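In: got a sequence here, can you build the structure:
(2 chains)
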Amino acid sequence: MPVTPAHLLIVPIILPLLTGALMLFFDDRERRLKLTMSLLSVFGLLGVALMLLDRVHNGEEALAMVYLVGNWPAPVAINLVADRLSAVMLVLTAALALPAILFAMERWERAGPHFHSLFQFLLVGINGSFLTGDLFNLFVFFEVMLAASYGLVLHGGGALRVRSGMHYITVNLGASLIFLVGIAMVFGATGTLNLAEIAVRAEMLEGFARPALDVGLAMLALAFLIKAGMWPLCHWLVPAYAAAAGPVAAVFAMLSKVGIYSLLRLSLLLPGEGAAFGAILIFIGGAATLGFACVGVLASQSMKRASAYFILMSSGTLLSTFGISLQGGTAGALFYLLSSTLAVSGLFMLVELLEREQDITAGVLGVTQEAYGEDDFEEETEVGSVMPGAVAILGGAFGLLAIILIGLPPLSGFLAKFAILTAILGPGAEDLGSTGNMRGTLVVLLLVSGLVSMIALSRMGIRTFWAPIEPFTPKVTIVETAPILLLLAMLIALAAYAGPVMELLQATADDLHHPGRYLSAVLDAERVPPYAESEQ
Amino acid sequence: MELVIAAAIGILTASGVWLILRPRTYQLVIGLTILSYAVNLFIFSMGRLRVNASPVLNGHGPVDPTAYTDPVPQALVLTAIVIGFATTALFLVVLIVLRGLTGSDHVDGREG
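Out: Below is the predicted model:
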């Protein structure tokens, strides 16, 4: 069998699958070995993802690479497709997994069995969802991802984790059933499961098949939106993410993006630029999510809950921007996706380090302090005390993450929001009169969410670093700080190389809004000549 | 036949939804199982209902596709059943752990 570049496409699925399975043969006590294997796998994934990105962006396959599994002819075969969007998401996944694994190495990998295997299986599911070009395989990879995430959300045990984990599992099992109903209806209407072929056949449906397809797509959208955490389908998300272990929550920041990715992919493939999925409803839902997340961030007592609400805020921003369905907006939203996912992931790890030192009494004191004022507390002793080095590093990291999440210049959060705002307000947007109200609402919501994040994060920062109830020195090691700094380095690089990244994302958005390219790449994919024939 | 299948799916779904909304974890797991049966039947029916037609092509030579039923939904159902089994098993473990940790079989871990 000749190995062609197209075989790269299957590596992001096979590699973590084999690594995860292989690790099951070793005892959990062989931590160093397992850690090495995980890290090798993730480095491999990062390398392959970057190669794929390079090929689809700069290479001669400048559209989409298609891998026909089993070498069946094009529309029949189960296919894997990598276009710019998939490749970008693969890179993001690998970039997020690396710090999470490093972070787990100090403490969390010991808190329960098979952490590294489950983590690799989670990566199989996420990568597979990004690569598959087939509706049913999307379901299968979703299930792989969810099954691993059920294990990970319970990682570390404890009543709180199991309780919120059970709610998480129940809601997601329900969502999977809805997903299946949607797949069945789409199949019943179009007679195919290939995403590209569904898009082609959707245009020529007649009679009862049309409403059947619409209902099927609505069910699919419902399943995706439950995973993306759109209000009012998001109430499972915050308790589950807040209860999960630090590195797990850090990588879960990616899970909600898988739902958003699927929605974006399918809605823009189908004719009508998102109309098939009710773009207006998605906009309204996204705006409501954003509002809900703003209230939630302000109301949160613990920093972990607030971090979980930042995930909702990111989902809301993305959904409402995608709901407007503007090409420039989509590019900006993709930049926002990169920046906010990395930042929230870093925040989850940081908060984990800060909060595990503070006991419950400190939390209660914090509430009373808020209610009765701070007069009873002595302040003289605080003056002139030196801030320990660990607190300084964590505080600096917190400040940078806060700047990104709020969207202040000069870091990537600002650039992302600026890109979205330019697309909806800037030159060339005047002639889009019909969406005026939506765009106005989005501008207001984006700015308000920035303000709310600033209030919430400054309050958090002041309470933790400047005026803690009892002075604390977090016991952190370099191993646990390094992943956060790594994420920060990525975010700063994202801001520094914003030009090339934005160029890539604009090309991605251009591809997404011109689905003909994806369709022709997938439907005209040529299979490799069978082995027997090529021998002759 | 259509009526029977439709009624079966409807009744199963209704029972499943009712059970999911109950407060005990055992009712929850039974409800999810029943719902997944309903969904499996639904997928099955999406390949159009045919009596006395096999999904597996037999023999060589030219094949008349009208003599067979659509095999794809049947393959999908098989996969869905397997995945459903696995997740139900996992869910049962969580259910028992929750019972052990909180001493209650209420979905919230406490009564009321």
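
In: only C-alpha atoms for contact and neighbour calcs from this point on.
Out: Will do.

In: touching, A:Asn79 and A:Asn137? I think so.
Out: No - using Cα atoms under 8 Å, A:Asn79 is not in contact with A:Asn137; the gap is 9.2 Å.

In: those two: which is more packed in?
Out: Set side by side, A:Asn79 and A:Asn137 show more neighbours around A:Asn79, with 26 against 19, by other Cα atoms under 10 Å in any protein chain shown.

In: what sits closest to that one if chain neighbours are left out?
Out: A:Leu68 (4.6 Å; Cα to Cα, 6 or more residues apart in numbering or on different chains).

In: residues near the one you found, how many?
Out: 26.

In: need the per-residue pLDDT for residue 55.
Out: Looking at chain A here, since you left the chain open. Taken from the predicted model, the pLDDT recorded for A:Arg55 is 85.

In: that was the other one, I meant chain B.
Out: B:Pro55 carries a pLDDT score of 76 in this model.

In: does it really touch B:Tyr68, like I thought?
Out: Yes - at 5.5 Å, B:Pro55 counts as touching B:Tyr68 under the criterion of Cα under 8 Å.

In: for A:Asp346, give its distance to B:Gly31.
Out: That one is not Asp; residue A:346 is Gly. A:Gly346 sits 38 Å away from B:Gly31, taking Cα to Cα, to the nearest Å as the criterion.

In: quick one, which of the two is more surrounded?
Out: Relative neighbour count places A:Gly346 above the other of A:Gly346 and B:Gly31, with 32 against 23, counting by other Cα under 10 Å.

In: what sits against that one?
Out: Listed by Cα atoms under 8 Å, 6 or more residues apart in numbering or on different chains, the contact set of A:Gly346 reads A:250, A:401, A:484, A:487-488.

In: that one sits in which helix or strand?
Out: Using DSSP states H and E, A:Gly346 sits within helix A:327-355.

In: which strand or helix spans residue 94?
Out: In the absence of a named chain, chain A is used. In this structure, A:Ala94 sits in helix A:84-104 according to DSSP H and E.

In: not quite, I wanted chain B
Out: B:Val94 is part of helix B:71-102 when elements are defined by DSSP H and E.

In: pLDDT on that helix, on average?
Out: 87.

In: got it, and stretch A:239-252?
Out: Averaging the model's pLDDT scores along stretch A:239-252 yields 86.

In: close to chain B, is that stretch?
Out: No - taking Cα under 8 Å from any Cα of the partner chain as the criterion, stretch A:239-252 and chain B are apart, separated by no less than 12.1 Å.

In: kindly check the end-to-end length of that stretch for me.
Out: Terminal residues of stretch A:239-252 lie 13 Å apart, using Cα to Cα.

In: which residues touch that stretch?
Out: For stretch A:239-252, using Cα under 8 Å, 6+ apart, the contacting residues are A:96-97, A:100-101, A:103-104, A:108, A:152-156, A:160-161, A:164-165, A:167-168, A:304-305, A:307-308, A:344-349, A:352.

In: buried subset of the residues you listed?
Out: When the contacts of stretch A:239-252 are checked for burial by 16 or more other Cα atoms under 10 Å in any protein chain shown, the buried set is A:96-97, A:100-101, A:103-104, A:108, A:152-156, A:160-161, A:164-165, A:167-168, A:304-305, A:307-308, A:344-349, A:352.

In: using CSV, write out every CA atom in stretch A:508-518.
Out: The C-alpha trace of stretch A:508-518 is given here as CSV (Å, rounded to 0.1, in the frame of the first residue of the first chain):
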residue,chain,number,x,y,z
THR,A,508,-11.4,29.8,6.4
ALA,A,509,-14.5,31.9,6.6
ASP,A,510,-14.3,32.5,2.8
ASP,A,511,-14.3,28.7,2.4
LEU,A,512,-17.2,28.3,4.8
HIS,A,513,-19.3,30.9,3.1
HIS,A,514,-18.7,29.3,-0.3
PRO,A,515,-19.6,25.7,0.4
GLY,A,516,-19.2,24.8,-3.3
ARG,A,517,-15.5,24.3,-2.8
TYR,A,518,-15.9,21.8,0.0
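
In: in it, what counts as buried?
Out: With burial defined by 16+ other Cα under 10 Å, the residues of stretch A:508-518 counted as buried are A:508-509, A:511-513, A:515-516, A:518.

In: how about residues contacting it?
Out: Stretch A:508-518 is touched from outside by A:63-64, A:83-85, A:196, A:265, A:268-270, A:273, A:327-328, A:330-331, with contacts defined as Cα under 8 Å, 6+ apart.

In: can you check stretch A:103-113 too?
Out: With contacts defined as Cα under 8 Å, 6+ apart, stretch A:103-113 is touched by A:28, A:35, A:115-116, A:155-157, A:245-247, A:349, A:479-483.

In: ok now it, how far from the chain's centre?
Out: 22 Å (Cα atoms, centre = their mean, to the nearest Å).

In: doesn't A:His155 lie inside a helix?
Out: No - when the secondary structure is assigned by DSSP: H, G, I helix; E, B strand; the rest coil, A:His155 falls in coil instead of a helix.

In: could I get the contacting residues of it?
Out: A:His155 makes contact with A:111-112, A:115, A:244-245, according to Cα under 8 Å, 6+ apart.

In: closest to A:Leu337 among those residues?
Out: Distances from A:Leu337 to the contacts of A:His155, taken as Cα to Cα, are shortest for A:Ala244 (21.8 Å).

In: quick one, phi/psi of that closest one?
Out: Backbone dihedrals for A:Ala244, given as degrees, to the nearest 10, come out at phi -70, psi 160.

In: give me the neighbour count for it.
Out: As a burial measure, the neighbour count of A:Ala244 was computed by other Cα under 10 Å and equals 25.

In: so residue 48, which of the three states?
Out: Just going to use chain A. Secondary structure for A:Val48, judged by three-state DSSP, is helix.

In: let's do chain B instead
Out: Going by three-state DSSP, the secondary structure assigned to B:Arg48 is coil.

In: same question for A:Val81.
Out: Under three-state DSSP, A:Val81 falls in the strand class.

In: please name the bridge partners of it.
Out: When bridges are taken as DSSP bridges, the partners of A:Val81 come out as A:Val66.

In: what about it, distance to chain B?
Out: When Cα to the nearest Cα, to the nearest Å is the yardstick, A:Val81 and chain B sit 21 Å from each other.

In: wondering if the helix holding B:Val94 reaches chain A at all.
Out: Yes - using Cα under 8 Å from any Cα, helix B:71-102 comes into contact with chain A via B:73, B:76, B:83, B:87, B:91, B:94-95, B:97-98, B:101-102.

In: do I have it right that A:Leu118 meets A:Met145?
Out: No - distance between A:Leu118 and A:Met145: 9.4 Å, which falls outside the contact criterion (Cα under 8 Å).

In: sorry, back to before: kindly reformat the buried residues of stretch A:508-518 as TSV containing secondary structure, distance to A:Val48 and pLDDT.
Out: Converted to TSV, those look like this (DSSP: H, G, I helix; E, B strand; the rest coil; distance: Cα to Cα, whole Å; pLDDT from 0 to 100):
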residue	secondary structure	distance to A:Val48	pLDDT
A:Thr508	helix	19	86
A:Ala509	helix	22	86
A:Asp511	helix	22	83
A:Leu512	helix	23	84
A:His513	helix	26	84
A:Pro515	coil	25	82
A:Gly516	helix	26	80
A:Tyr518	helix	21	81
